[in-house]
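Chemist: Okay, sequence plus prediction incoming.
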Amino acid sequence: MDFVLPVLIGVLVACSIYLMLSRNLVRVVLGLSLLSNAVNLIIFTSGRLTRAIPPLVAEGGTLPPEGYANPLPQALVLTAIVIGFGLLAFALVLTYRAYQELGTVDTTAMRHAEPQFDEPYDDLSEARAMRHAAERGNV
Amino acid sequence: MAGEQIAETGAVKAVRWAAVAVPATLAVWFLSMIPAVESAPIRVAWDWVPTMGVDLAFRVDGLGLLFALLITVIGTFIFLFSASYMKGYPASGRFTFILLAFMLSMLGVVTADNLILIFIFWELTSITSFLLIGTDFKNPEGRRAATQALVVTGGGGLALMAGMILLGEAAGTYSLTAILEAGSIAGHELYGGILVLVLIGAFTKSAQFPFHFWLPQAMAAPTPVSAYLHSATMVKAGVFLLARLHPVLSGTPEWEVTLTLFGGVTAVMASVVALRQTDLKKMLAYTTVMGLGTITLFLAGSGEAAVMAAVTFILVHALYKSALFMVAGTVDHEAYARDINRLGGLARAMPFTAAAAALAALSMGGLPPFIGFIGKELIYEGALEATFAAPFVIIMALAANAMMLGVGLILALDPFWLNRDRRPHLGHHGTVHEAPPSMWAGPVLLSLVGLGLGLFPGAASKWLIGPVTAAVYGEPVPVSLSLWHGINAPLMLSLLTFALGAVVFWMRNPIRRGVAGVLWAMPGSADDVYDAFLRGIHAMGRGFMRAFQNGSLVGYMWTLLAFTAAVLWATLIGTGALANVPMPSQLPDLFLYEWAVVGLIGAGSIVAVLAASRLLAIIALSGVGSGIALLYVFFGAPDVATTQLMVETLLVVLLALILLRLPGFRVTEKGWRRSGLLDGTLSVALGVAITVILMGVTAGTLDMVIPDFYAQRSVIDAHGRNIVNVILVDFRALDTMGEVTVIALAGLAAYALIKLRSDGDHDKIASAPVTAPEKNRETV
């Protein structure tokens, strides 16, 4: 497994980044879901892979069997899966509500917090804003 | 006087009057130090930050004592003046406290014995000055003046801090006493940097050209502040510093040329502009700039005469200038005007003020037998001895002194003795009264001190000028001031000054018009440069914001990810780590079903990217998630696999619920990307970087100390056989607690998002589709 999982993770990362670079919020959320899976796998792989010996202690003993899988990344990944789900669920609801309120899932159209032309000190940009508005027939 | 009149409580009034006791007490204390300081500096020190060489160390030598006396004696009269002047001013209690805070900071500057300590007190004076100029903060002009003073002096303060640190490093100590004992550092390689930085600090504080413009603007402050900070004390901090470090930094051509040029230009420029002013306070402000320029000019030299001239002029200037400022304030207070073109004939109504103005102006003009005359003679003596550009220095000094006499005559005569016809238009319905004694006592006494020191120059030289000159010069200097030196070159220059000064006074109106015309024709002032500088900073801020906070989510993603990719690849290539990544030589021995799962995950993620329908994307994603769950099973992580499966199932439900209510890809995705090629390149660059890093990481050795600890203690300490579970709910239980909280909050926030709507026009979802996920892994 010395390169299969790293390559697989690379594919996952590349796909998720590509999805997240879209202006469509739905795609961004899908990308986020892939990315969280990829990161979990990175943590898991960094802890080294051990086939089929889970970190369990048999009844009567005090130590796990020889060659047991590394329990630490497992604990971390477990936590990360759940947190990732929480984040994703929230992002989904946020996307949905944004669509309800704004009527679009295009992030370039979501400019209420950071309007495009709000620089009254700058004549140039003001002129540009006026022109922009005129082109859209608002002036 | 600005600000609305308000009824004041007895407490505020009491504060204003009681405050006088503080400088008075301190003045007595410092006066009592005079005999001791004459022989050796007084020093006290406490540890503060010993590891950094910063001590709470204080030192009173001749120079420090002169300034401490100016600060406390003039301060006493200022507080007395202010107690009456500030009556009815809003928040005069706060004003009084800030003024006291300023006084203590200023005393700190002149008595601190540690470079860092000097800087701290220096900054405190800048801050208190800012607050005092902005006393009338409802006035936009006052706010602008306050900000401007803070920007200029604070900016200079930064340079000073750097200079002090360099000086401390060059000298190997931050103790002023030790640095002064070690003497000049002119040979050190850091000398040039130290000089430039310290001079920027001193020139901004002492309003030297081209940083002079903030001082006249600062006249927006109430008159006690102008009289105290902006003529007698704070603006002198710059020249104080030059005098303080004179033994350490002077004596080089760089020092001499820089100070001569800046001081000379400042002095003449300011005295010309002073003649153009008609506002008493503005006129005084420019003469203050002129005085500071003169002091700088003479601190340039290293000769005894030059140093003595500078030191004497510091004293002379502080005495007459604070008196004149208080006179201007009194006139403003009583006659409701301070424009020279409106004032006239006030001598009869305000005899004490008129007398104080006359005495102070005569000292300012340098007429005998005032201390100002001695100061002027010393200036000429120093100018004649100047080693660099002596003719320039003499002409500068002559021009500045002549114009100073002209301004002095204007101030003493115009408002009080001339233009009697204007008198009926002044004050309250033409009635002007003398101010209360608390207001004229200071000007009268201070100008009498100027007269007394002139009449008894022996005392002045023994107790004040002698020790100060010694401190600045670096070693004791025989000082004997006297009014009559015989017929010599300085006396001739003085007579020439009187003649020129009289001409300036006589021609004051044409000169004023002429200067105004010249200034009008100038393309811009230093004040305009300051505005342009601020505009530039704003423009730069806007530029950065437009570039980095452009409101485009895709832009943010690009910035962050491209930067990350650049850093990762730069590190991989730069450190040579890329070459050390082991390259696979053969196919790994995976079982067939493992290959199948890996293929499922890879294919699923690619399908998720290419899918044109939401449903297909959801299915692809769930394939990826389930495949990963299988990987967890293969590699000994059954708990993780269970959780992954459950979460994946929930997620598919959620995605299906919500995505199908959103617009489909087919319609919207076309043209929704800047460039598929660029996006793809960035994605692949990041993906490959992660692959390479991960291959490098897994090829190295792994420290198993922590996992082994958990494995060995799991049964013994926590009585649990599932080590992963034990880590989560026992060893790291608090972390898990935090995590559960996060999930609960996410659920709550999602619920709130759905419940709290801005309006009810939109479609409603029947109920929140998202809830906090069930308790997950305590059960697995």
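Modeler: The structure has been received and is ready for your questions. Residues are numbered from 1 along each chain as shown, chains lettered A, B, ... in the order given.

Chemist: who are the neighbours in contact with the residue minimising distance to the centre of chain A?
Modeler: Centroid-nearest residue in chain A, with C-alpha atoms, centre = their mean: A:Leu32, separated by 2.5 Å. Neighbouring residues of A:Leu32 by C-beta atoms under 8 Å, 6 or more residues apart in numbering or on different chains: A:16, A:20, A:87-88, A:91. (C-beta placed from N, C-alpha, C; glycine too.)

Chemist: Before we move on, what's the pLDDT of it?
Modeler: On pLDDT, A:Leu32 comes in at 94.

Chemist: Can you give me the distance of it to B:Met557?
Modeler: 11 Å (C-beta to C-beta, to the nearest Å).

Chemist: What of B:Gly168?
Modeler: For B:Gly168, the distance to B:Met557 (C-beta to C-beta) stands at 47 Å.

Chemist: And for A:Leu41?
Modeler: Applying C-beta to C-beta to A:Leu41 and B:Met557 gives a distance of 22 Å.

Chemist: Looking at those two, which has the bigger crowd around it?
Modeler: Set A:Leu41 next to B:Met557 and count neighbours by other C-beta atoms under 10 Å in any protein chain shown: A:Leu41 wins out with 22 against 19.

Chemist: which SSE is the more buried one in?
Modeler: helix A:25-46 (DSSP states H and E).

Chemist: Closest to the mean position in chain B, which residue would that be?
Modeler: Note: chain B centre (C-alpha atoms, centre = their mean) maps to B:Gly154, 2.9 Å.

Chemist: State the pLDDT value of it.
Modeler: At B:Gly154, the model reports a pLDDT of 92.

Chemist: go on, B:Leu495?
Modeler: Looking at B:Leu495, its pLDDT is 88.

Chemist: just A:Tyr121 next, same as before
Modeler: Looking at A:Tyr121, its pLDDT reads 47.

Chemist: Which residues are in contact with B:Trp463?
Modeler: Contacts of B:Trp463 by C-beta under 8 Å, 6+ apart are B:34, B:38.

Chemist: hmm, try it at 7 Å
Modeler: B:Ile34 (C-beta atoms under 7 Å, 6 or more residues apart in numbering or on different chains).

Chemist: Likewise for A:Leu25?
Modeler: Going by C-beta under 7 Å, 6+ apart, A:Leu25 touches A:95, A:98, A:105, A:107.

Chemist: Between which two of those residues is the distance greatest?
Modeler: By the measure C-beta to C-beta, A:Thr95 and A:Thr107 form the most distant pair in the contacts of A:Leu25, at 10.1 Å.

Chemist: All the strands of the chain, residue numbers only.
Modeler: Picking chain A for this. When secondary structure is read from DSSP state E, chain A shows no strands.

Chemist: oops, I was thinking of chain B
Modeler: Under the criterion DSSP E, chain B contains strands at B:42-49, B:54-60.

Chemist: what does the longest one contact?
Modeler: When contacts are defined by C-beta under 7 Å, 6+ apart, strand B:42-49 is touched by residues B:33, B:36, B:54-60, B:113, B:177.

Chemist: Considering those residues, which possesses the most neighbours?
Modeler: B:Asp113 (25 neighbours).

Chemist: who are the neighbours in contact with the closest residue to B:Ala749 other than its chain neighbours?
Modeler: Among residues not flanking B:Ala749 along the chain, A:Phe90 sits closest, at 6.0 Å (C-beta to C-beta, 6 or more residues apart in numbering or on different chains). Counting by C-beta under 7 Å, 6+ apart, A:Phe90 touches B:746, B:749-750.

Chemist: burial of the one residue in the stretch 251-400 of chain B that gets nearest to chain A, as a residue count?
Modeler: Using C-beta to the nearest C-beta, the single residue of the stretch 251-400 of chain B nearest to chain A is B:Lys282, 30.2 Å away. Close neighbours of B:Lys282, defined as other C-beta under 10 Å, add up to 20.

Chemist: Also the one 10 residues further on?
Modeler: Residue neighbour count, defined by other C-beta under 10 Å, stands at 30 for B:Leu292.

Chemist: now the helices: where do they sit in chain A?
Modeler: A:4-20, A:25-46, A:71-102, A:123-135 (DSSP state H).

Chemist: so which of those is the most packed in?
Modeler: Stretch with highest mean neighbour count among the helices of chain A: helix A:4-20 (a mean of 24; mean count of other C-beta atoms under 10 Å in any protein chain shown).

Chemist: Low-confidence ranges, the chain, go.
Modeler: No chain was given, so I picked chain A. Along chain A, segments meeting pLDDT under 70 span A:1, A:116-139.

Chemist: ah, I was thinking of chain B
Modeler: B:1-8, B:428-430, B:480, B:665-672, B:674, B:757-780.

Chemist: Tell me how far the residue sitting furthest away from the middle of it lies from chain A.
Modeler: The outermost residue of chain B, judged against the average C-alpha position, is B:Leu592 (70.1 Å), by C-alpha atoms, centre = their mean. Separation of B:Leu592 from chain A (C-beta to the nearest C-beta, to the nearest Å) stands at 13 Å.
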